[in-house]
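1. output the structure for:
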Amino acid sequence: MGLGVAAVRRAKRDAPEQLVMVMAAAGSFAAISTVFGSPVIGAVILIEAAGLGGPRLPVVLLPGLIAAGLGSLVFIGLGAWTGLSTSAWSLSPFDLPPFSHPTVVHFLWAVAPAIATAIVVFAIVALARVLARVVARRRVLLTTIAGVAVGGLAVAFSQVTDQTPEAVLFSGQDAFGTLVKDAPGLSLSVFVWLLVFKGIAWSISLGNFRGGPTFPALFLGTVGGLLAGHLPGLAETPAVAVLMGAACVSMLRLPLASVVITLLLTSSAGLAVGPLIIVAVTTAYITTEVLSARLGEGRERAATEEVAPTLAATPAKV
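-> All right, here's what the predicted structure looks like:
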């Protein structure tokens, strides 16, 4: 009892100091972001200085940067030495309409869709977790049935929408280009059915096969953004940016990485989407954490490790 009281008193005594540290860090973030004109640059500088400095800097960050540079050099080439083609699998910025500046309406729309996206992704992972436990009982038989079910969902999507089943069957990076390019000519019902069939197929795949979370989450976020872009006061570009970031962080639970990924994929529209992405990512992350805490789940940061131990090796095929 005495130790518990002492701990409480110590926490109360340290609270003002912690508050000052938080305010100082927040001010530093804001100042550096203003100077460099990008909120992400401010976050990266402060995180590197506060979290990766000292003895960890040469051990973790420098080798990682060197490896990243060499790996990139292999593909882009060196002088007369041509690199390797990445057109078959790499992601380029989406061809989105330019976005000049956000408004109050944009920020209001950034919150509710982000919460809804977090709930949907949370439900997909929860269903996958249940399926993983069921499949573990008779893996060969039930995995085969799961594969047939995914194929059936793709066929059903094709029959209902008269669209190719590839959007349901293949991984997100294989379908982004076609989706964004054909979006103006597609009806809203196509996006709705794609969310339903792709979401269920992805959940089944997470619970049965090898795969990763990133591309399917980005794909579903893009589909949701193209659908939400028809809401009053919300255009296609901010809608796609908001829901893509929300879906990514809801799955990965890595806020800064989700902001950077989404900014890169929407960079063709301009940097004005950055604040909206940050609001959406923060909202979705908090929502996911609250859902996890309320439902008694673990706080693992890799969603694939939560679903099944075999899911972390390769990108998801659905």
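2. and the gap between F197 and V180?
-> Note on F197: its distance to V180, by C-beta to C-beta, to the nearest Å, is 19 Å. (C-beta placed from N, C-alpha, C; glycine too.)
3. who has more neighbours out of those two?
-> Between F197 and V180, counted using other C-beta atoms under 10 Å, F197 has the larger neighbour count: 23 against 17.
4. isn't that one right up against Q163?
-> No - assessed by C-beta atoms under 8 Å, F197 is found out of contact with Q163, at 10.3 Å.
5. list the residues that contact both of those two?
-> F157 (C-beta atoms under 8 Å, 6 or more residues apart in numbering).
6. end-to-end on stretch 98-106?
-> 15 Å (C-alpha to C-alpha, to the nearest Å).
7. how about the strands in the stretch 151-300 of the chain?
-> Assigned by DSSP state E, counting those that start in this stretch, the stretch 151-300 of the chain shows no strands.
8. got the residue ranges for the helices in it?
-> Taking DSSP state H, counting those that start in this stretch, the helices of the stretch 151-300 of the chain run over residues 166-169, 176-182, 188-206, 214-228, 236-252, 255-265, 274-294.
9. how about the fourth one as PDB, C-alpha atoms only?
-> What it means is helix 214-228. Coordinates of each C-alpha in helix 214-228 appear next as PDB, following Å, rounded to 0.1, in the frame of the first residue of the first chain:
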ATOM      1  CA  THR A 214       0.000  -2.600 -46.500                       C
ATOM      2  CA  PHE A 215      -1.200  -2.700 -50.100                       C
ATOM      3  CA  PRO A 216      -4.700  -4.100 -49.500                       C
ATOM      4  CA  ALA A 217      -5.300  -1.500 -46.800                       C
ATOM      5  CA  LEU A 218      -4.100   1.300 -49.200                       C
ATOM      6  CA  PHE A 219      -6.300  -0.200 -51.900                       C
ATOM      7  CA  LEU A 220      -9.400  -0.300 -49.800                       C
ATOM      8  CA  GLY A 221      -8.700   3.200 -48.600                       C
ATOM      9  CA  THR A 222      -8.400   4.400 -52.200                       C
ATOM     10  CA  VAL A 223     -11.700   2.800 -53.100                       C
ATOM     11  CA  GLY A 224     -13.400   4.300 -50.100                       C
ATOM     12  CA  GLY A 225     -11.900   7.700 -51.000                       C
ATOM     13  CA  LEU A 226     -13.200   7.500 -54.500                       C
ATOM     14  CA  LEU A 227     -16.600   6.800 -53.100                       C
ATOM     15  CA  ALA A 228     -16.400   9.500 -50.400                       C
END
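10. so which elements touch it?
-> helix 104-135, helix 176-182, helix 188-206, helix 236-252, helix 255-265 (3 or more C-beta pairs under 8 Å, 6 or more residues apart in numbering; DSSP states H and E).
11. pull out the buried positions in the longest one.
-> Of all the residues in helix 104-135, those buried under the rule 16 or more other C-beta atoms under 10 Å are 106, 109-111, 113-118, 120-122, 124-129, 131-132, 135.
12. same question for the third one.
-> Residues of helix 188-206 classed as buried under the neighbour-count rule (16+ other C-beta under 10 Å) are 190-191, 193-194, 197-206.
13. same check on the last one?
-> For helix 255-265, a neighbour-count test (16+ other C-beta under 10 Å) marks P255, S258, V259, V260, I261, T262, L263, L265 as buried.
14. between those, which is closest to H101?
-> L263 (15.9 Å; C-beta to C-beta).
15. what residues does the closest one make contact with?
-> V40, L271, V273, G274, I277.
16. coming back round to it: of all the helices of the stretch 151-300 of the chain, which one is nearest A154?
-> helix 166-169 (4.1 Å).
17. and the closest one, what does it pack against?
-> Short answer (3+ C-beta pairs under 8 Å, 6+ apart): helix 166-169 packs on helix 139-161, helix 176-182, helix 188-206.
18. which one of these lies closest to S72?
-> helix 176-182 (20.7 Å).
19. flag the shaky bits of the chain, pLDDT-wise.
-> Applying pLDDT under 70 to the chain flags the ranges 1-18, 20-22, 24-26, 28-61, 84-91, 171-175, 177, 210-212, 296-318.
20. one more time with 80
-> 1-93, 167, 169-182, 209-213, 296-318 (pLDDT under 80).
21. rewinding a little: let's have the buried residues of helix 255-265 in JSON lines, adding distance to G224.
-> Shown next, in JSON lines, are these (distance: C-beta to C-beta, whole Å):
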{"residue": "P255", "distance to G224": "19"}
{"residue": "S258", "distance to G224": "15"}
{"residue": "V259", "distance to G224": "18"}
{"residue": "V260", "distance to G224": "20"}
{"residue": "I261", "distance to G224": "16"}
{"residue": "T262", "distance to G224": "13"}
{"residue": "L263", "distance to G224": "18"}
{"residue": "L265", "distance to G224": "14"}
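22. with respect to L295, which of the residues you listed is nearest?
-> Using C-beta to C-beta, P255 is the member of the buried residues of helix 255-265 that lies nearest L295, at 20.5 Å.
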